[in-house]
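Chemist: any chance you can model this:
(one chain, ligands or ions: 1)
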Amino acid sequence: MPSIQLQGKIFLQGTINALTGLHIGGNSGELDIGGIDNPIIRNTFNRQPYIPGSSLRGKMRGLLDRHFNNPLEKRVGRDVRVHECETPANYNGCPVCQVFGVVPIRQLSGRTMPTRLIVRDTFLTHESLQALDRADTDTDFTEIKTEAAIDRITSAATPRQQERVPAGATFGPFQIVHSLYTQNGNDLDNQLLTELQLFDTVLKGMELLADDYLGGSGSRGSGQIAFENLKLTFKSRECYEKVDLAPITIAEDVAIKALRQSDYTENVLKAISAE
Ligand SMILES: [Zn+2]
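Modeler: Numbering: from 1, shown residues only. Predicted coordinates for the structure are as follows:
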């Protein structure tokens, strides 16, 4: 019987800067009559906008699927098609499904690893909350952008509105947690190298996202974000055993590209073998 062991967790933190206005859609059904058509998602308790982990994760996964040319063979509802490997052979060759997880259908039962990636919700920084509060807009912490649909012949215009977190807002710290797993019986060093390559897939997804957009209306200017001041720490299995043992800081104040080019992989491996 194979067993799966957690070798440690990589924590990636940093800030997300909205370089352009950010629209991550909320539920317009919650709004009063007279509210705007196209509201953003907010925390129910304090009305503050935030970035759901599911939005970041979903966008990264979609961009990686396109990058790896993964087939979109699975339907979710009537209109949405997604990629999810359905055989062990495909799964074992697919970094996206290994990182983001699959629904364990029968053919895959007992043949997959646990989902490696967790992406937490990210909230506005204290500084941005204060700045947006002072900005005294009609809506809490946001701007209303009016666009116009133009008739291509008569030039008649129909205005439409969209709520956005304004450009310049900063969210953070965001947190990504990536687990490193090994299975008993096989070459541990090789497995760990493969695990760290899977983490590089996460960084690749972030890089793709920074060159794409988050939320709605990306082709019309919204949703350009930057991941900044990245900090990578590693918490080994031992840290959970020994309360005095602190996680190791592997990289600090770096950009995605610089992190991918750095020797963080070797430093994580060193931290594991030092145990
Ligand atoms: Zn796959």
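
Chemist: use CA for all of it now, contacts and neighbours both
Modeler: OK.

Chemist: can you pull the residues of this structure lying near the ion?
Modeler: Where the chain comes near the ion, counting by CA under 5 Å from the ion, the residues are 84, 85, 94, 97.

Chemist: pretty sure the first one sits against residue 102.
Modeler: Yes. A contact is recorded between residue 84 and residue 102 when judged using CA atoms under 8 Å, the distance being 6.1 Å.

Chemist: so for these two, which residue has more residues nearby?
Modeler: The neighbour comparison of residue 84 against residue 102 (other CA atoms under 10 Å) goes to residue 84, with 23 against 19.

Chemist: quick one: contacts for the more buried one?
Modeler: By CA atoms under 8 Å, 6 or more residues apart in numbering, the contact list for residue 84 reads 72, 73, 74, 97, 102, 103.

Chemist: who's in contact with the stretch of helix or strand the fourth one belongs to?
Modeler: It refers to residue 97. Element membership of residue 97 [criterion: DSSP states H and E] is helix 95-100. Applying CA under 8 Å, 6+ apart, the contact partners of helix 95-100 are 61, 64-65, 84-85, 91-92, 112-113, 115-117, 198-199, 201-202.

Chemist: now do stretch 254-263
Modeler: 200, 203, 206, 207, 227, 228, 229, 230, 231, 251.

Chemist: just the terminal-to-terminal distance for it.
Modeler: End-to-end distance of stretch 254-263 (CA to CA, to the nearest Å): 13 Å.

Chemist: show me the strands in the chain, by range?
Modeler: Assigned by DSSP state E, the chain shows strands spanning 4-18, 50-51, 74-76, 80-82, 117-119, 122-123, 143-150, 157-164, 170-183, 225-236, 248-254.

Chemist: which residues are in contact with the first one?
Modeler: In this case it means strand 4-18. With contact meaning CA under 8 Å, 6+ apart, strand 4-18 is reached by 113, 165-184, 223-237, 272.

Chemist: pairing partners for it, with directions?
Modeler: strand 170-183 (antiparallel), strand 225-236 (antiparallel) (DSSP bridges).

Chemist: now find how far off-centre the first one is within its chain.
Modeler: Right, the one you point to is strand 170-183. Here strand 170-183 is found 9 Å from its chain centre; the criterion is CA atoms, centre = their mean, to the nearest Å.

Chemist: go on, the last one?
Modeler: Between the mean C-alpha point of strand 225-236 and the mean C-alpha point of its chain there is a distance of 12 Å (CA atoms, centre = their mean).

Chemist: before we move on, the earlier item: report the buried members of the contacts of strand 4-18.
Modeler: Listed as buried from the contacts of strand 4-18 are 113, 165-182, 223-237, 272; burial here means 16 or more other CA atoms under 10 Å.

Chemist: if we can go back for a sec, between the contacts of stretch 254-263, which is nearest residue 139?
Modeler: residue 227 (26.3 Å; CA to CA).

Chemist: ok, now how distant is the residue lying closest to residue 72 once chain neighbours are set aside from residue 231?
Modeler: Among residues not flanking residue 72 along the chain, residue 83 sits closest, at 4.3 Å (CA to CA, 6 or more residues apart in numbering). Distance of residue 83 to residue 231, given as CA to CA: 30 Å.

Chemist: so how far does stretch 107-120 reach from one end to the other?
Modeler: In stretch 107-120, first residue to last residue: 30 Å (CA to CA).

Chemist: what does that stretch rub up against?
Modeler: The set of residues external to stretch 107-120 that reach it, using CA under 8 Å, 6+ apart, is 4, 52-54, 56-57, 86-88, 91, 98-102, 104, 174-181.

Chemist: try stretch 206-222
Modeler: Here stretch 206-222 has contacts from 20-25, 55-56, 59-60, 63-64, 223-227, 256-257, using CA under 8 Å, 6+ apart.

Chemist: give me the below-cutoff pLDDT ranges for the stretch 51-200 of the chain.
Modeler: Within the stretch 51-200 of the chain, the set of residues satisfying pLDDT under 70 is empty.

Chemist: next step: the contacts of helix 95-100 restricted to helices.
Modeler: 61, 64, 65, 91, 92, 198, 199, 201, 202 (DSSP state H).

Chemist: among those residues, which one lies nearest to the ion?
Modeler: residue 91 (5.4 Å; CA to the ion).

Chemist: ok, now which ones touch the closest one?
Modeler: Contacts for residue 91 (CA under 8 Å, 6+ apart) come out as 85, 97, 98, 112.
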